[in-house]
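Colleague: Provided below for reference: sequence and predicted model.
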Amino acid sequence: MSDPHRDVTSTIEALLSEGREFPPPEQFAPRAVVSSPSIYDEAENFEDFWARQAEQFVWRRPHRQVLDWSNPPFARWFVDAKLNITENCLDRHLQSAGDKVAYYWEGEPGDRRAVTYAELHSEVCRLANALADLGVTKGDRVAIYMGMVPELPTALLACARIGAPHSVVFGGFSSEALKDRIRDAECKVLITCDGSWRNGAAFPLKEYADAAVSECPSIEKVLVLRRTGQDVVMTEGRDVWWHDVVPGQPASREATEMDSEDMLYMLYTSGTTARPKGIVHTTAGYMVGTAVTHRFIFDIKPESDVYWCAADVGWVTGHSYIVYGPLANGCTSVMYEGVPNYPDKDRFWDIVERYKVSILYTAPTTIRTMIRWGPEFPEKHDLSSLRLLGTVGEPINPEAWMWYHTVIGRERCPIVDTWWQTETGMIMITPLPGITTTRPGSATFPFPGVGADVVDDQGRSVPLGGGGYLTLTRPWPAMLRTLYKDPDRYIETYWSRFSDPSTNTWVYFAGDGAKRDDDGYFWLLGRVDDVMNISGHRISTLEVESALVDHPMVAEAAVIGRADERTGQAIAAFVCLKGDAQGDEALIVTLRDHVAGKIGKIARPASIVFTPDLPKTRSGKIMRRLLKDVSESRQLGDVTTLANAAVIDDITQRAATASRED
Ligand code: PRX
């Protein structure tokens, strides 16, 4: 029998050897939402560009000024405009598209629901009324700690309906993380579920919420949605069931008028310090930024597309591209509750086939996991409905890109590799699928109107062909406005490194390394803290990982720079092999040579540890700092966000016995 991994690998190798450029397929470009490169010139005056885009929304009062940048780095967009984002996401679609499906939802156990725009509008109004009855008024913060159920977008929108900023805490976080976030934001109400389904088991959300809330004096009420039916303790006077207080409410509620700069939500994200930062997003600019990028980048045709962003609403990707952007565009989305391998490893492809998904947006780590599982799972399904693919969250190595292109996209679908951050609110560097000739592994160019640069240590622009720090050089509408209750840290973290207030030059430092090739394509190299320095040479962990994954036996790899007396840092690699392959000393030598062959001798890993799995967060990001701790024989740092806790002990043991070349 032929080895499917080998077959795919050789297809990919053949394609790569033909050249690495991929123009939009001929059948795609002529019908694309954006099909003329002149959009980049038209957006050169970015304020005019965004003002034109803003015309398509419903405003209670129009703006007086597009951008107020008189007090940088604190921006105000669409100054003095009045609106409510839910009128743009819901009310305005009711007349023409009330019966249209907003969400096809699938629970992990297999239960299904379709929620129309009219139903979503009614549910949002009912919940908004219930929240008002629980004492929530404009400006009060509401924490949301739920699984991926349709009531989760409802909860975000109900808060927005009454002007209460939401603070969503990812449903996989621990009670400790939830507590810290609620306390920092001083939330008045928490919305949660009894539990959520994940990998066939009920995750105890309410139990965790109870542990958190017992130390959160600001919480007055906890609203609980029944999802799993598991036993929960309800605290008299504090906890109320959703089904007791929401269904009886009126199905309409006047939306609260908001200023363009009123806070829509906060979302905590990890920074370089242990304490998470509360990223603050406001209303009008965020709405315009997310809706326009969503429509242009994903080529949204609301009348025919079924769009699936397979992220979790607990992260910014879900906020911007499951909830606000798609709903503002009147788009039909798919939402899925659980993991991709329940009950089997073809769950994603089963969903794509059933709902005829036309646009799929997921993370490279998911793609690499799928590669490891093998092509037989997607091959079992009819994926012909797909017409566009997207990735986000981390640099995508060319081999994963090619696999996505060949095995999932069947060589018909453009791929948009989208770079952005919780802080940016919207996609910033990306192909436009009707225009851009893509190169596997490159996020290509800044979105129209977005200014991006690559600079050296001194903040000087690095000529094409060179690498350095990624910066953003112009304000953009969905940008974070500040860090909650910490404007100084906002300035310090993002605007102090490369700005020059004496010349009124304001440059946003993204924390990422990037290089531009000779044609100006941006290649993201990962967080700068993940860049290694080996004997004075800068080498990206990603480049080495990519080289390792390029080997036909390697499914996934993580690389870190561990302290080394001789070379400053030495490269330590952790490698998962495909299928049942076993690693041995001979393969270590082969892989070292393979990396040396791809990048240069300097990039040869000093040690390679074979492992069946890598430590990852619940959102699928590899926790390299834990690998660094293991490699440097330190006590492990914070492991609370680790999804697969057992793996790290296993790796520690393997690392202790692995041979080192240094
Ligand atoms: O390092 C970049 C990486 O993810 C970081 C932002 O993470 P977060 O705020 O959690 O938001 C993730 C989803 C928007 C960035 O600083 N990143 C995100 N997208 C890409 C990426 N790195 C390379 N290529 C991307 N497409």
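Modeller: Everything's here; your move.

Colleague: now do the end-to-end distance for stretch 242-259.
Modeller: 30 Å (Cα to Cα, to the nearest Å).

Colleague: same check on stretch 312-322?
Modeller: OK, stretch 312-322 end separation, Cα to Cα: 8 Å.

Colleague: ok, residues contacting it?
Modeller: 148, 152-153, 156, 168-173, 265, 267, 269, 279, 281, 286, 290, 294, 309, 311, 323, 333, 335, 361, 392-393, 421-422, 425-426, 478, 619 (Cβ atoms under 8 Å, 6 or more residues apart in numbering). (Glycine included, C-beta is placed from N, CA and C.)

Colleague: run through the helices of the stretch 351-500 of the chain in chain order.
Modeller: Under the criterion DSSP state H, counting those that start in this stretch, the stretch 351-500 of the chain contains helices at 364-373, 376-379, 398-403, 487-490.

Colleague: which residues of the stretch 501-650 of the chain score low on pLDDT?
Modeller: Within the stretch 501-650 of the chain, the ranges that satisfy pLDDT under 70 run 529-531, 533, 535-538, 566-568, 600.

Colleague: OK, now which residue of it is nearest to the ligand?
Modeller: In the stretch 501-650 of the chain, the residue that lies nearest the ligand is residue 524 (3.5 Å; Cβ to the nearest ligand atom).

Colleague: can you name the residues that contact the nearest residue to that residue once chain neighbours are set aside?
Modeller: Among residues not flanking residue 524 along the chain, residue 395 sits closest, at 4.7 Å (Cβ to Cβ, 6 or more residues apart in numbering). By Cβ under 8 Å, 6+ apart, the contact list for residue 395 reads 364, 441, 523-526, 542.

Colleague: swap the cut-off to 10 Å and go again
Modeller: When contacts are counted by Cβ atoms under 10 Å, 6 or more residues apart in numbering, residue 395 touches 364, 401, 417, 419, 441-443, 512-514, 523-526, 530, 540-543, 545-546.

Colleague: what is the burial count for the closest residue to the ligand within the stretch 51-200 of the chain?
Modeller: The ligand sits closest to residue 170 of the stretch 51-200 of the chain, with a gap of 10.6 Å, by Cβ to the nearest ligand atom. Neighbours of residue 170 under the rule other Cβ atoms under 10 Å: 21.

Colleague: and if you look at residue 40?
Modeller: Per other Cβ under 10 Å, the neighbour tally for residue 40 reads 16.

Colleague: what pLDDT does it get?
Modeller: Here the pLDDT value assigned to residue 40 is 98.

Colleague: before we move on, what about residue 191?
Modeller: Reported pLDDT for residue 191: 98.

Colleague: for it, give its distance to residue 296.
Modeller: Note on residue 191: its distance to residue 296, by Cβ to Cβ, to the nearest Å, is 33 Å.

Colleague: more neighbours: these two, which one.
Modeller: For residue 191 versus residue 296, neighbours defined as other Cβ under 10 Å are more numerous around residue 191 (30 against 22).

Colleague: before we move on, what SS does that one have?
Modeller: At residue 191, secondary structure determined by DSSP: H, G, I helix; E, B strand; the rest coil is strand.

Colleague: thinking it is in contact with residue 153, fair?
Modeller: No - contact criterion Cβ atoms under 10 Å: residue 191 and residue 153 do not qualify, at 12.0 Å.

Colleague: any shared contact partners between those two?
Modeller: Residues touching both residue 191 and residue 153 (Cβ under 10 Å, 6+ apart): residue 146.

Colleague: and the longest helix belonging to the chain, what does it pack against?
Modeller: With secondary structure taken from DSSP state H, the chain has its longest helix at helix 117-133. If contacts are counted by 3 or more Cβ pairs under 10 Å, 6 or more residues apart in numbering; DSSP states H and E, helix 117-133 sits against helix 85-86, helix 92-97, strand 101-106, strand 112-116, helix 151-161, strand 189-193, strand 221-225, helix 242-245.

Colleague: circling back to that earlier point, list the buried residues in whichever strand or helix holds the residue of the stretch 501-650 of the chain closest to the ligand.
Modeller: Assigning secondary structure by DSSP states H and E places residue 524 in strand 522-527. Using 16 or more other Cβ atoms under 10 Å as the test for burial, strand 522-527 gives 522-527.

Colleague: tell me the one of those residues nearest residue 180?
Modeller: In terms of Cβ to Cβ, no member of these lies closer to residue 180 than residue 527, at 22.3 Å.

Colleague: contacting residues for that closest one?
Modeller: Listed by Cβ under 10 Å, 6+ apart, the contact partners of residue 527 are 272, 394, 510-513, 540-542, 624.

Colleague: do that again at 8 Å, thanks
Modeller: So residue 527 contacts 511-513 (Cβ under 8 Å, 6+ apart).

Colleague: same deal with residue 514?
Modeller: Per Cβ under 8 Å, 6+ apart, neighbours of residue 514: 454, 467-470, 522-525.

Colleague: kindly state the beta-bridge partners for the closest residue in space to residue 99 that isn't next to it in sequence.
Modeller: What sits nearest to residue 99 in space, not counting adjacent residues and going by Cβ to Cβ, 6+ apart, is residue 116, at 5.4 Å. Legend: beta-bridge partners of residue 116 under DSSP bridges are residue 101.

Colleague: re earlier: so who does the residue of the stretch 501-650 of the chain closest to the ligand touch?
Modeller: Taking Cβ under 8 Å, 6+ apart as the contact definition, residue 524 lies against 395, 419, 429, 443, 470, 512-514.

Colleague: also residue 222?
Modeller: Residue 222 touches 189-192, 209, 213, 235, 238-240, counting by Cβ under 8 Å, 6+ apart.

Colleague: mind putting these in JSON lines, distance to the ligand included?
Modeller: Output for the contacts of residue 222, formatted as JSON lines (distance: Cβ to the nearest ligand atom, whole Å):
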{"residue": "189", "distance to the ligand": "26"}
{"residue": "190", "distance to the ligand": "23"}
{"residue": "191", "distance to the ligand": "23"}
{"residue": "192", "distance to the ligand": "23"}
{"residue": "209", "distance to the ligand": "23"}
{"residue": "213", "distance to the ligand": "26"}
{"residue": "235", "distance to the ligand": "33"}
{"residue": "238", "distance to the ligand": "32"}
{"residue": "239", "distance to the ligand": "31"}
{"residue": "240", "distance to the ligand": "33"}
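
Colleague: what's the distance between residue 148 and residue 634?
Modeller: 35 Å.

Colleague: does residue 358 really touch residue 304, like I thought?
Modeller: Yes - using Cβ atoms under 8 Å, residue 358 is in contact with residue 304, at 7.3 Å.

Colleague: between the two, who's got more neighbours?
Modeller: Per other Cβ under 10 Å, whichever of residue 358 and residue 304 has more neighbours is residue 358, with 21 against 10.

Colleague: near residue 488, how many other residues are there?
Modeller: 10.

Colleague: do residue 104 as well
Modeller: What residue 104 shows, counting by other Cβ under 10 Å, is a neighbour count of 22.

Colleague: that one and residue 307 touch, don't they?
Modeller: No - taking contacts as Cβ under 8 Å, residue 104 lies outside contact range of residue 307: 10.3 Å.

Colleague: now the common contact residues for those two.
Modeller: The contact sets of residue 104 and residue 307 overlap at 332-334 (Cβ under 8 Å, 6+ apart).

Colleague: so which of the residues you listed is the closest to residue 20?
Modeller: Checking the shared contacts of residue 104 and residue 307 one by one against residue 20 (Cβ to Cβ), the nearest turns out to be residue 334, at 31.1 Å.

Colleague: what packs against the helix or strand that closest one falls within?
Modeller: Element membership for residue 334 (DSSP H and E) is strand 332-336. Helices and strands touching strand 332-336, by 3 or more Cβ pairs under 8 Å, 6 or more residues apart in numbering; DSSP states H and E, are strand 101-106, strand 306-309, helix 347-355.
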